[in-house]
Structure formats: C-alpha cells, structure tokens
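Q: Okay, here's the prediction I keep looking at, along with the sequence it came from:
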Amino acid sequence: MKRIVMTLAAVLFATSAYADGAAVYAAKCKMCHGAAGEGAKMAGAVKGKAAADVKKAITAGIPAAGGKKEMKPVKIDAADADAVAAFVAGLK
C-alpha cells in the first residue's frame, strides 16, 4: 500500500510540474515560439529540444543568429525554468 501511495504522489507531482511548465510556457514563451513550440517569425522552433538546452537558453539567453533576434535571459525562478524545460522537451 505504501508503494502505491508513493507512486501516486510521484505521478501527481510530475503532472503538476508539467502543468505549471505549460502555464509558464504559455505566459512567457508562446508569443515568440508558437503555441506548440513550432517556431514563428521572431524565434525558432523549440519543441523536442533537450531540457538542458532549453534551461540554458532560459537562464543565459541566446545570441542573434540566422536572421533571428537575440533571446535575452527570461526572468523566472529556477523551478519554473525546470518546469518549462521539461514541458518543451516533451513536445512532439
């Protein structure tokens, strides 16, 4: 019984982190990277990128290249950056 409760707790935590990542993505990233991470005129596609790469882009930014504008670091807390990175890595 203890294993079932622990498993359910882990699933609930993972689901809430995913949902929070989706909400933060919608609020902070969607306008440039598209609703499904497909990219837009302002910024490239992000869907399916590795979580570590996404987190680095969020925290450190990305220099301008290939006709795309520079992405400045996003001012969000580390937990939200992790949640967004996990959300984006899961987009297919």
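A: Structure received.
Q: Quick check: phi and psi on Lys68?
A: Per-residue torsions, Lys68: phi -90, psi 150 (degrees, to the nearest 10).
Q: any weak-confidence spans in this protein?
A: For the chain, the stretches flagged by pLDDT under 70 are 5-19.
Q: can you do 80?
A: Under the criterion pLDDT under 80, the flagged ranges of the chain are 1-19, 66-68.
Q: Hmm, Ala86 and Tyr25 touching each other?
A: No - Tyr25 is beyond contact range of Ala86, at 10.2 Å (criterion: C-beta atoms under 8 Å). Just so you know, the C-beta spots here come from the backbone N, C-alpha and C atoms, and that holds for glycine as well.
Q: where do the contact lists of these two overlap?
A: Overlap of the contact sets of Tyr25 and Ala86 (by C-beta atoms under 8 Å, 6 or more residues apart in numbering) is empty.
Q: Comparing the two, which residue is more hemmed in?
A: More crowded of Tyr25 and Ala86, by other C-beta atoms under 10 Å: Tyr25, with 22 against 18.
Q: Please, which helix or strand holds that one?
A: helix 2-28 (DSSP states H and E).
Q: For whichever helix or strand comes after that helix, enumerate the helices and strands it packs against.
A: Sequence-wise, the next helix or strand downstream of helix 2-28 (DSSP H and E) is helix 30-33. On a contact count with 3 or more C-beta pairs under 8 Å, 6 or more residues apart in numbering; DSSP states H and E, helix 30-33 meets no helix or strand.
Q: Mind exporting the C-alpha coordinates of helix 30-33 to PDB?
A: Provided in PDB are the C-alpha atoms of helix 30-33 (Å, rounded to 0.1, in the frame of the first residue of the first chain):
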ATOM      1  CA  LYS A  30       4.300  31.100 -26.700                       C
ATOM      2  CA  MET A  31       4.200  34.500 -28.200                       C
ATOM      3  CA  CYS A  32       7.600  34.100 -29.800                       C
ATOM      4  CA  HIS A  33       8.000  30.300 -30.100                       C
END
